[in-house]
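Participant: Just a sequence and a predicted model for now, questions to come.
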Amino acid sequence: MKNLCETVGFLVFAQGAGGLLHEWFGWFHFFGLVQRLPFIGGYSVSVSIVLVVTGIAVMIASDAVTE
């Protein structure tokens with residue numbers, strides 16, 4: 001269960017980081033899920049920051065999971 005939480009946290013973090021890199025530098029056109037969601041509108045930077053923070057929080061919280 002701990003490995004699953006760490007993996008999910010990393011994937012969420014990676015999506016957020018990819019979204020930020022796409023917005024700031026124009027990189028990762030194929031990687032970002034945030035840019036493909038139509039209901040986000042002009043909030044893609046904010047959503048990417050939330051994804052980065054959430055991914056870090058899930059990876060930190062995975063240490064508390066006991067198997």
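Facilitator: In hand now; what should we look at? Numbering: from 1, shown residues only.
Participant: What segments of this protein are helices?
Facilitator: In the chain, the segments counted as helices under DSSP state H are 2-25, 44-61.
Participant: I'd like to know which of those helices is closest to G32.
Facilitator: In terms of Cβ to Cβ, the element of these nearest to G32 is helix 2-25, at 4.7 Å. Any C-beta I mention is one placed from the backbone N, CA and C, and that applies to glycine too.
Participant: what comes up buried for the closest one?
Facilitator: Neighbour-count burial for helix 2-25, counted by 16 or more other Cβ atoms under 10 Å, picks out 5-6, 9, 12-20, 22-23.
Participant: helices or strands up against that helix?
Facilitator: For helix 2-25, the elements it packs on are helix 44-61, judged by 3 or more Cβ pairs under 8 Å, 6 or more residues apart in numbering; DSSP states H and E.
Participant: what's the closest non-adjacent residue to E6?
Facilitator: Closest residue to E6 apart from its sequence neighbours, by Cβ to Cβ, 6 or more residues apart in numbering: S62 at 4.8 Å.
Participant: now swap in L51 and tell me
Facilitator: That would be G16: by Cβ to Cβ, 6+ apart, it lies 3.0 Å from L51.
Participant: cool, and G19?
Facilitator: Closest residue to G19 apart from its sequence neighbours, by Cβ to Cβ, 6+ apart: S48 at 3.3 Å.
Participant: isn't the one you found right up against A14?
Facilitator: No: using Cβ atoms under 8 Å, S48 is not in contact with A14; the gap is 10.9 Å.
Participant: coming back round to it: so the residue nearest to L51 sits right up against G55, yeah?
Facilitator: Yes: under the criterion of Cβ under 8 Å, G16 makes contact with G55 at 6.0 Å.
Participant: Wait, V50 touches F13, no?
Facilitator: No: when contacts are counted by Cβ under 8 Å, V50 is not listed as touching F13 (11.2 Å).
Participant: Check what contacts stretch 41-50 and list those residues.
Facilitator: Identification of contacts with stretch 41-50 by Cβ atoms under 8 Å, 6 or more residues apart in numbering yields Q15, G16, A17, G18, G19, L20, E23, V34, Q35, I40.
Participant: Just flag the most distant two among the residues you listed.
Facilitator: So, the contacts of stretch 41-50 by Cβ to Cβ: farthest apart are A17 and I40, at 16.4 Å.
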